[in-house]
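1. Fold the following.
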Amino acid sequence: MKCEICGKGNAAEALKVCRKCILEGKGDEYIQRAHKILPSKGKACHICGNECRMKEGQKGFCRLRENREGKILSHSDRRMAIGQYYYDALPTNCVASWVCGLKKGYNLAVFYGACNFDCLFCQNWIHHNMAEKGHPIMTADEVIKAAENAECVCFFGGDPSCQILHALNVAEHVEAIVCWETNGNFAKRYLPEIAKHTDGIIKFDLKTWNEKLSYALCGVSNKNSYENFEYLAKHCRMAASTLLIPYYVTAEEVHEIASFIASIDDNIPYTLLAFYPCYKMSDLPYTSKKQAAECYDAAKKAGLKKVRIGNVHLLR
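-> Next comes the predicted model:
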């Protein structure tokens with residue numbers, strides 16, 4: 001559809017605003033209508049970077065915590081979490097598999113059923129249902145036991161950042177290599193412990209560069225994620241990825257993201273992922289070969305040495 005504001009730019013039906021108008025600060029009413037509201041008044045939760053403040057009886061952005069009689073009640077802790085796990089044969093479909101080095105055995109994929117972003121393009125949107133129902137439940141002990149048969153463990157979702165206590169408990173007690181796939185919206189107080197227990201790769205999904213675009217596509221700021229990336233890059237092996245959403249994530253956007261990564265370390269691997277119509281952006285087209293090529297060139301021009309296009313079978 002055409003943008004409701006300017007009538008010229010292309011826009012997703014769920015958002016109704018084009019990239020240009022978003023960057024110009026227009027269309028806030030449409031953007032707010034498209035997303036969950038981040039609670040900002042009341043009792044504070046400090047588990048993730050959102051730091052929700054909930055009124056009596058109100059749930060947090062991730063749906064796993066609520067203010068009940070002036071106290072934060074959590075449906076996830078060090079012992080149990082909402083999510084599920086399964087084995088993937090190595091090399092798996094991880095965005096860093098091309099630089100990982102593991103070629104045999106199994107990865108234990110630990111999927112956390114909640115998220116602190118509200119991405120309109122989410123390709124693992126089932127986490128919304130899991131958080132709402134509070135099911136299925138996985139204990140730390142059973143995940144630790146399952147990890148005995150794996151070469152590596154990868155925490156993803158949804159996102160592990162809003163069930164970080166459970167993930168860190170598992171990470172501390174497994175002998176397998178520990179990796180993360182995340183939006184990076186961790187509470188800063190957990191970063192030293194994340195670094196301590198990570199001997200694999202931390203893969204940040206850097207969805208946008210511009211903060212206004214982050215609010216429009218993901219419902220929250222991306223500022224904390226970039227700060228956390230910079231901190232963890234000093235202590236851990238890093239990788240990054242960006243989903244090439246038609247009309248919104250342009251070569252210009254990718255150049256800014258890649259420039260940020262290169263300013264830290266130009267050898268950090270960066271994967272550009274092809275988009276397919278999904279969730280609330282099912283009306284958008286697939287990523288075109290032209291868009292992918294332009295974004296690849298932009299990332300290389302920004303100074304990154306290791307750039308790859310993923311999901312090439314989806315390119316149109």
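2. going forward, measure contacts and count neighbours with C-alpha atoms only.
-> Noted.
3. what pLDDT does the closest residue to residue 183 other than its chain neighbours get?
-> In space, and not counting its chain neighbours, residue 183 is closest to residue 205: 5.0 Å by C-alpha to C-alpha, 6 or more residues apart in numbering. If you check residue 205, the pLDDT there is 98.
4. tell me the contacts of residue 205?
-> Residues counted as contacts of residue 205 (C-alpha atoms under 8 Å, 6 or more residues apart in numbering) are 181-184, 240-242.
5. Equivalent analysis for residue 235, please.
-> Contacts of residue 235 (C-alpha under 8 Å, 6+ apart): residue 195.
6. so how far is stretch 159-179 off the chain centroid?
-> 16 Å (C-alpha atoms, centre = their mean, to the nearest Å).
7. Quick one: end-to-end distance for it.
-> Its first and final residues considered, stretch 159-179 spans 13 Å by C-alpha to C-alpha, to the nearest Å.
8. can you pull out the strands in this structure?
-> All strands of the chain, identified by DSSP state E, fall at 43-44, 53-54, 65-68, 71-74, 80-89, 106-112, 137-139, 152-157, 177-182, 201-205, 237-244, 270-274, 307-310.
9. want to try a markdown table for those, with distance to residue 291 as columns?
-> Formatted as a markdown table, the strands of the chain follow (distance: least, C-alpha to C-alpha, whole Å):
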| stretch | distance to residue 291 |
| --- | --- |
| strand 43-44 | 42 |
| strand 53-54 | 40 |
| strand 65-68 | 40 |
| strand 71-74 | 42 |
| strand 80-89 | 31 |
| strand 106-112 | 30 |
| strand 137-139 | 40 |
| strand 152-157 | 27 |
| strand 177-182 | 24 |
| strand 201-205 | 19 |
| strand 237-244 | 8 |
| strand 270-274 | 9 |
| strand 307-310 | 11 |
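10. Give me the most central residue, this protein.
-> In the chain, the residue lying closest to the centroid (C-alpha atoms, centre = their mean) is residue 183, at 2.7 Å.
11. That one contacts residue 206, correct?
-> Yes - at 6.6 Å, residue 183 counts as touching residue 206 under the criterion of C-alpha atoms under 8 Å.
12. got any residues that touch both of the two?
-> residue 225.
13. Okay, and the beta partners of the residue nearest to residue 183?
-> Taking DSSP bridges as the rule, residue 205 bridges to residue 241.
14. Tell me the spacing between it and residue 18.
-> Counting by C-alpha to C-alpha, the separation of residue 205 from residue 18 is 22 Å.
15. How about residue 166?
-> Residue 166 sits 39 Å away from residue 18, going by C-alpha to C-alpha.
16. Ok, residue 73 next?
-> Distance of residue 73 to residue 18, given as C-alpha to C-alpha: 39 Å.
17. same check, this time on residue 115
-> 25 Å.
18. Flag every buried residue along stretch 48-64.
-> Of all the residues in stretch 48-64, those buried under the rule 16 or more other C-alpha atoms under 10 Å are 48-55, 58-64.
19. Quote the end-to-end distance of stretch 171-183.
-> 18 Å.
20. buried ones in it?
-> Across stretch 171-183, burial judged by 16+ other C-alpha under 10 Å covers 171, 174, 176-183.
21. Check stretch 216-235 too.
-> Under the neighbour-count criterion of 16+ other C-alpha under 10 Å, stretch 216-235 has 216-222, 224-226, 228-233 buried.
22. CA atoms of that stretch as CSV?
-> Only the C-alpha atoms of stretch 216-235 are listed here, as CSV (Å, rounded to 0.1, in the frame of the first residue of the first chain):
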residue,chain,number,x,y,z
ALA,A,216,8.3,1.8,14.1
LEU,A,217,9.3,-1.8,13.2
CYS,A,218,10.1,-3.2,16.7
GLY,A,219,8.1,-1.1,19.1
VAL,A,220,11.1,-0.1,21.3
SER,A,221,14.4,1.7,21.1
ASN,A,222,17.5,0.0,19.8
LYS,A,223,20.0,2.2,21.7
ASN,A,224,20.6,-0.3,24.5
SER,A,225,21.3,-3.1,22.0
TYR,A,226,24.1,-1.1,20.3
GLU,A,227,25.6,-0.2,23.7
ASN,A,228,25.6,-3.8,24.7
PHE,A,229,27.1,-5.0,21.4
GLU,A,230,30.0,-2.6,21.9
TYR,A,231,30.6,-3.8,25.5
LEU,A,232,30.4,-7.5,24.7
ALA,A,233,32.6,-7.2,21.6
LYS,A,234,35.5,-6.4,24.0
HIS,A,235,35.1,-9.7,25.8
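23. Kind regards, and thank you for your time.
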